[in-house]
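Asks: My questions are about this predicted structure, shown below with the sequence.
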Amino acid sequence: MAGSTGNRVNMDILVWYVDPSRGDAGFSPHRDRQPDNAPATFRHDGSAMYATLWLPLTDAVPENSCLYVIPRFADPGYFEGDPEDDDAPDPLTAALPDKAAYQHIRALPCTAGSACIFTHRTIHWGSRGRPGYPTPRISISWGCADDAYEPAYFARDCLPCPPLALRLALAGAQMIVYHERFPAPPKQLALYYQAFTAQAGQFDAAYREKVTAEFLDASKEATAAAAAAVPAAAGAAGAAAAPRGRGAAEAAAEEESSEEDEGDGIDWAQVAAAARETARKAKKAAAAKKKKKKRNGAGSSSDEGSGSGDEGLGFGDAGDDNDDDDGNVMELALDAVLDAQLAGQDFHDDFEDD
C-alpha cells in the first residue's frame with residue numbers, strides 16, 4: 001500500500017462475518033472519512049491521503065454481500081466535499097438524484113484472497129445477502145493513511161506482531177468506535193473500554209480522544225434512555241396495578257424494567273457507570289505511579305511506550321515523559337468530561353464520520 005498509494009497502515013482494522021442465512025448485510029452507504037476540508041486530503045498529484053484495503057477471505061458476490069461503489073465521476077462531493085447546509089441533500093442523494101443515476105452503481109465481486117483498494121471519499125456499502133445462500137462473506141479491511149492527514153493509532157514499530165495486550169486494546173477500542181454498527185451487550189462494551197484504557201498511553205492522542213468521545217456518546221444515550229424509561233415504566237405499571245396498591249405497582253415497574261434490560265438493547269446507564277469507574281481507576285493508578293517516582297527520586301520516566309500494562313494505565317503520549325503532569329491532566333479531563341456528560345452537558349466529537 002505504501003508503494004502504490006503513498007499511505008501506510010494506520011491500524012483502523014475491521015473484520016466482517018456476513019451470513020446471508022441470518023439476513024446479514026454489510027455497512028450501509030458511507031464514506032470512510034468526512035473531513036472538514038476534503039480537497040486538502042488529496043496531494044498535489046491528485047492521490048488521496050487515505051485509502052482502504054478490503055480483502056475477502058471467502059468469495060464475495062452479490063449473493064453474500066460484495067461491495068458496491070459510486071464512481072468518482074458520478075459523485076459530486078467526492079473531491080469538493082459534501083455541503084453541510086440543512087437543506088442540502090445527503091451525499092448518496094446528491095450522487096443519485098434520479099433513476100438514471102442508479103446505473104452508475106458498480107458491484108465489485110471479488111474472489112477469496114483478492115483485494116479492493118479505494119479512497120476515503122468513495123461512497124461504498126455492502127449488499128444484503130440472498131437468503132439461502134450457503135457461503136458467508138468473511139473479509140478484513142485495513143485503513144492506510146498519510147501521517148500528515150491521520151497518524152497511526154499506535155507506533156508502527158510494534159508491527160507486524162504487536163503485544164497481545166496492545167492487540168486486545170485496539171480490538172476493544174474499535175468495537176467502541178463502531179458500536180453503532182457492531183452492537184454489544186453492556187458488560188461486553190464496558191470490558192472493551194477497560195481493555196483499551198489499560199493500554200491507552202500507547203495510542204495516539206487523537207485516537208484516544210475519538211474512542212473517549214464515542215464511549216461518552218454511548219453514555220449520553222444511556223442516561224437519556226434510563227431517565228425516559230423510569231417514568232414510562234412506572235406510569236404503565238401504576239395504571240395496570242391500580243387495584244393492587246402501591247407495592248404491586250412498584251413490583252410491576254421493576255419487572256418491566258428488568259425485561260427491557262434483557263432485550264437486545266444496550267444498558268447505557270451501566271456502561272456510563274463503568275466508564276466513570278474506569279476513569280477513576282486510571283487516575284488513581286497514575287497518581288500512585290507519580291507518587292512512587294517522587295519517592296524514588298526519579299524526575300522522568302524512560303519506559304513509557306514499552307508496551308507493559310502498568311505504563312498503559314496513563315493517558316500521556318508515549319515518549320512524552322519529561323512532563324509527567326501531561327498524563328494526569330488527560331485523566332482529570334476525562335473524568336471531568338464523564339461527569340459533565342452524565343450531568344447532561346454536550347460533548348462534541350470533532351472526528352465524527354458519516
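Replies: Received it, and whenever you're ready, just let me know what you need. Numbering: from 1, shown residues only.
Asks: ranges for the helices of the stretch 101-250 of the chain?
Replies: Using DSSP state H, counting those that start in this stretch, the helices assigned to the stretch 101-250 of the chain run over residues 164-177, 186-197, 205-240, 246-261.
Asks: how about the second one: buried residues?
Replies: Across helix 186-197, burial judged by 16 or more other Cβ atoms under 10 Å covers 186, 189-197. The C-beta positions use only the backbone N, C-alpha and C, and glycine is treated the same way.
Asks: what does the first one give?
Replies: In terms of neighbour count (16+ other Cβ under 10 Å), helix 164-177 has its buried residues at 165-166, 168-170, 172-177.
Asks: Can you redo the residues you listed as CSV, where the extra columns are pLDDT?
Replies: Below are these laid out as CSV (pLDDT from 0 to 100):
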residue, pLDDT
165, 97
166, 97
168, 96
169, 97
170, 98
172, 94
173, 96
174, 96
175, 91
176, 91
177, 93
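Asks: Could you dump these into JSON lines and include distance to residue 139?
Replies: Shown next, in JSON lines, are those (distance: Cβ to Cβ, whole Å):
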{"residue": "165", "distance to residue 139": "26"}
{"residue": "166", "distance to residue 139": "23"}
{"residue": "168", "distance to residue 139": "22"}
{"residue": "169", "distance to residue 139": "23"}
{"residue": "170", "distance to residue 139": "18"}
{"residue": "172", "distance to residue 139": "21"}
{"residue": "173", "distance to residue 139": "20"}
{"residue": "174", "distance to residue 139": "15"}
{"residue": "175", "distance to residue 139": "17"}
{"residue": "176", "distance to residue 139": "21"}
{"residue": "177", "distance to residue 139": "18"}
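Asks: Just name the closest of these to residue 57, please.
Replies: residue 174 (17.9 Å; Cβ to Cβ).
Asks: In contact with the closest one: list those residues for me.
Replies: Neighbouring residues of residue 174 by Cβ atoms under 8 Å, 6 or more residues apart in numbering: 12-14.
Asks: If you rank the residues you listed by neighbours, which is first?
Replies: Taking other Cβ atoms under 10 Å as the neighbour criterion, residue 12 ranks highest of those with 22 neighbours.
Asks: Might one say that that one is in contact with residue 152?
Replies: No - assessed by Cβ atoms under 8 Å, residue 12 is found out of contact with residue 152, at 9.2 Å.
Asks: joint contacts of the two?
Replies: The contact sets of residue 12 and residue 152 overlap at residue 145 (Cβ under 8 Å, 6+ apart).
Asks: Can you get me a residue count around residue 86?
Replies: Using other Cβ under 10 Å, the number of residues around residue 86 comes to 5.
Asks: For this protein, name the helix or strand with the lowest mean pLDDT.
Replies: In the chain, no helix or strand scores lower on mean pLDDT, DSSP states H and E than helix 246-261, which sits at a mean of 46.
Asks: With respect to residue 159, which of the buried residues of helix 164-177 is nearest?
Replies: Of all those, the one sitting nearest residue 159 is residue 166; the distance, using Cβ to Cβ, is 10.5 Å.
Asks: Skipping adjacent residues, who's closest to the closest one in space?
Replies: Among residues not flanking residue 166 along the chain, residue 199 sits closest, at 5.4 Å (Cβ to Cβ, 6 or more residues apart in numbering).
Asks: what's the neighbour count on the one you found?
Replies: Residues within reach of residue 199, counting by other Cβ under 10 Å, total 25.
Asks: Which residues does the longest strand along the chain contact?
Replies: Taking DSSP state E as the criterion, the chain has its longest strand at strand 8-18. Applying Cβ under 8 Å, 6+ apart, the external contacts of strand 8-18 come out as 1-2, 24-26, 64-65, 126, 129, 136-147, 150-154, 156, 159, 170, 174, 178.
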